[in-house]
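Trainee: Predicted model follows, preceded by the sequence.
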Amino acid sequence: MKLYEHESADIFSGFGIRVPERILAVTPDEALSAAEKIGLPVVLKAQVLAGGRGLAGGVKTVATAEEAQAVAADLLGSRIQGIKVRSIMVVRKVDYDRELYLGITVDGFNGRPLVMVSTKGGMDIEEVARQNPANISSLSVRVDRGLFTFEARKLLNAAGFPSRQIPGCADTMVRLYQVFEAYNAMVAEINPLVICTNESLMALDAKLEVDDSSLFRTAKLIPKNHDRNESYLEKLGREIGVSYVELDGDIGIISSGAGLGMATMDIIGQRLRPANFLETGGAITEDLLYKTMDLVLTKKGIRAIFINLYGGINPIQEGAEGIVRYVKEHAIRIPIVAKALGNRQEETWDILRFGGVHVVTEVATEKAVEKLIELIELTG
Amino acid sequence: MSILLNKSTRVLVQGITGRIGSVQTHWMLAYGTNIVAGVTPGKGGTAVEGVPVFDSVLEAVEKTGAEASVFFVPAPFVLDAFIETVDAGINLIVVVPEHIPVHDVMKMKAYSRKHENRGLFALGPTTAGILTPGEAKMGIMPASLFKPGRIGIISRSGTLSYEMAGILSSAGYGQSTVVGKGADPVTLTTLSVILQHFDCDAATDGVVIVGEVGGVQEEEAAKFIADGMHKPVAAYIVGKFAPQGKRMGHAGAIVRGSQGTFASKQQALRDANVTILNSPIDVIDWAKRIS
């Protein structure tokens, strides 16, 4: 889960990382009073969970409080990278000489935190890496040991950070690592960390993404009641307990596993357009598949549904009951093709067939998709 | 022959008294798995499906000689159970549960690294497990799709390993062993280590990798294959139509920037002379060619 910049900035500040004075505004009037309170000039930063915000016009410097009000009025409600702006962070404008980069991510391959630093701050770090990987220096951290300040100093030195700033940057780096640990983060990043004209350091941006699987212990540390940038359907999916990703086609997909769901999406995508990715995980019940049918059909214009289930950990016969109950109660007429294999498959097929679902008993999803195409062509 | 697991392997089930643990114990026993013990703290002295339950892993090992363990432990307790299991001397650990905190998995991986030299091998988290057709299974794989034979399968996804095995089985090509690597951003083993096991197994003719978008596992495996793999390898990668930055069910299946994309994985594997399967069903032609 990605946190908003203002949330991340508050967290970083709580760990002793210097961030500029800031106030969150959700109306133009609030932006006006925030600008007056902080002192001009100020920077208005649209709070959206998307990259490339600056280039998309989401960051504006203003010289007067009235201008702050007017710019806020423009920004609020507008869309940046397709995401509606609901709040703005009003920040004191900081004068600086240099932009640096500090970041920590989970290195999936080594299974270790990877600390990265660069003197090329302020740019997309992936772009920096593409242009010249030598511009980024990194250190793989042993989780049972943590990050020590002397190691951070050594890394910053190797990366060519200005020597007078190395102790301060190393201190910030270690504090960022503390945030990374405490919040079970997937990514913690300051881009840019600037050297101000008075030579102090300041985090001009704050990025924190926490591990969804750790929320049972970190949720209490994270602000609540925020719209986290999911589509309405994705949120519904999370609420009923399935992973739903909205796509732009018209063939609904229900699968009992992530890999199977992606394969189904790819196979259907060769000939038709998937409306969604959906996987139930290992917790199928009658009720879950009933709700899942409803979720998939909430999206407008669904032409057909393709169901792909395996009974390993899942009781697929119970799932089948939920599907056919939904079809019956809502008098669904569009074609539904199901492939369901594994434990208790024959029983599952009987339930589905009796409920008007087309069952394909071959293993290959390709064969079942052929059946789907055939049915769609029949119904026009 | 097979890799890692066979019918004589003495298996322990952790979390055996839970809803999923007890049901899966039933299916594993039905498949012929040599389950010798179960562990659930506080339930020692009871039995599940005739299998004796112990309070601790060490006790189970001492009393039954258990040498491999499969986890049906709730995610928040897996780190603790894992350290306990390694300390009790178990050398094959299959971590089935999903939603384990990534920071816990990093600690588990660090701990298992320290014991690599004694032969510790751990799979998961978020794995369907490991199955040697006709012999034994540790995990949740539905038995009906697998047939004994000479093709190895390594998969990040459980369901897709069933699909791949099922397609091969129905075309007359059985499997030596089917291994679920796990689908999390951090997993306890790497594709290369599993490939190495298959490369050394006299009963395996070739290996199918079922990968997906996210991470750099497939790219790293490509290096290993190019450098030292002797047997033919085929790969099927899913997530061609996965939008950037979205978590596609598995926590590990997120495309971040230019890393872990469908294209980068296919390219790396193709460069290593791996046969790229555009669709699962294409595996039949490949199996025909190498058999």
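Mentor: Here it is on my side, so go on.
Trainee: Could you check the pLDDT of A:Glu230?
Mentor: Here, the pLDDT recorded for A:Glu230 equals 68.
Trainee: An error on my part: the question was meant for B:Arg256.
Mentor: Listed pLDDT for B:Arg256 reads 59.
Trainee: and if you look at the one 4 residues further on?
Mentor: You'll see B:Gly260 listed with a pLDDT of 77.
Trainee: What are the neighbouring residues in contact with it?
Mentor: B:213-216, B:254 (C-beta atoms under 8 Å, 6 or more residues apart in numbering or on different chains). C-beta: built from backbone N, CA, C; applies to glycine.
Trainee: try 6 Å
Mentor: B:213-215 (C-beta atoms under 6 Å, 6 or more residues apart in numbering or on different chains).
Trainee: can you count the residues close to B:Asp91?
Mentor: Heads up, residue B:91 is Asn, not Asp. 16 (other C-beta atoms under 10 Å in any protein chain shown).
Trainee: tell me the phi and psi of it?
Mentor: The phi/psi pair for B:Asn91 (degrees, to the nearest 10) reads phi -110, psi 0.
Trainee: doesn't B:Asn117 make contact with it?
Mentor: No. The criterion here is C-beta atoms under 6 Å, and B:Asn91 misses it with B:Asn117 at 11.1 Å.
Trainee: Could you look up the SS state of B:Ala110?
Mentor: Assigned by DSSP: H, G, I helix; E, B strand; the rest coil, the conformation of B:Ala110 is helix.
Trainee: wait, which of the contacts of B:Gly260 is closest to chain A?
Mentor: For the contacts of B:Gly260, the minimum distance to chain A (C-beta to the nearest C-beta) is 4.4 Å, reached by B:Gly215.
Trainee: At the contact with chain B, which residues of the stretch 251-380 of chain A appear?
Mentor: Within the stretch 251-380 of chain A, the positions near chain B by C-beta under 6 Å from any C-beta of the partner chain are A:257-263, A:265-266, A:269, A:277, A:279, A:310-313, A:342-343, A:363-364, A:366.
Trainee: Go through those and flag which are in strands.
Mentor: Judged by DSSP state E, strands contain the following of these: A:277, A:279, A:310-311, A:342.
Trainee: now, which of these sits nearest B:Leu79?
Mentor: B:Leu79 has its nearest neighbour among those in A:Glu279, at 25.2 Å by C-beta to C-beta.
Trainee: show me where pLDDT drops low in the chain?
Mentor: Going with chain A. Across chain A, residues meeting the criterion (pLDDT under 70) sit at A:225-230, A:380.
Trainee: my bad, chain B
Mentor: By pLDDT under 70, the low-scoring segments of chain B are B:1, B:251-259.
Trainee: hey, where'd the helices end up in the stretch 51-200 of chain B?
Mentor: Assigned by DSSP state H, counting those that start in this stretch, the helices in the stretch 51-200 of chain B fall at B:57-64, B:78-87, B:102-114, B:158-170, B:191-200.
Trainee: For chain A, which of those helices is the nearest?
Mentor: Judged by C-beta to the nearest C-beta, the one of these that comes nearest to chain A is helix B:158-170, at 2.8 Å.
Trainee: in the closest one, what counts as buried?
Mentor: Going by neighbour count (16 or more other C-beta atoms under 10 Å in any protein chain shown), the buried part of helix B:158-170 is B:158-169.
Trainee: Those: which ones sit near chain A?
Mentor: Here is what survives when these are matched to chain A using C-beta under 6 Å from any C-beta: B:158-160, B:162, B:166-167.
Trainee: now for these, which pair is the farthest apart?
Mentor: So, these by C-beta to C-beta: farthest apart are B:Gly158 and B:Ile167, at 15.4 Å.
Trainee: In chain B, what residue lies closest to chain A?
Mentor: B:Ser157 (2.0 Å).
Trainee: Distance from the chain centre to the longest helix seen in chain A, please.
Mentor: Using DSSP state H, we find that the single longest helix of chain A is helix A:166-182. The chain centroid and the centroid of helix A:166-182 are separated by 24 Å under C-alpha atoms, centre = their mean, to the nearest Å.
Trainee: So which residues make contact with that helix?
Mentor: Against helix A:166-182 from outside (C-beta under 6 Å, 6+ apart): A:15-17, A:102, A:104, A:147, A:149, A:152-153, A:156, A:161, A:188, A:201.
Trainee: What about those, which one has the most neighbours?
Mentor: Result: A:Leu102 is most packed of the contacts of helix A:166-182 (other C-beta under 10 Å), 29 neighbours.
Trainee: What strand or helix carries that residue?
Mentor: Assigned by DSSP states H and E, A:Leu102 belongs to strand A:96-107.
Trainee: For that strand, buried residues please.
Mentor: In strand A:96-107, counting by 16+ other C-beta under 10 Å, buried: A:96, A:99-107.
Trainee: Over to stretch B:78-98?
Mentor: B:78-79, B:81-82, B:84-86, B:88, B:90-98.
Trainee: just stretch A:338-354 next, same as before
Mentor: Those would be A:338-345, A:348-349, A:351-352, for stretch A:338-354 by 16+ other C-beta under 10 Å.
Trainee: So which of those is the closest to B:Ile151?
Mentor: Out of these, the member with the shortest distance to B:Ile151 (by C-beta to C-beta) is A:Leu341, at 19.0 Å.
Trainee: Without its sequence neighbours, what residue ends up closest to the closest one?
Mentor: Nearest-residue entry for A:Leu341: A:Tyr310, 5.8 Å, with adjacent residues in sequence omitted and distances by C-beta to C-beta, 6 or more residues apart in numbering or on different chains.
Trainee: for the one you found, what are its contacts?
Mentor: A:Tyr310 touches A:256, A:341-342, B:159, B:162, counting by C-beta under 6 Å, 6+ apart.
Trainee: That concludes my questions; thank you for your assistance.
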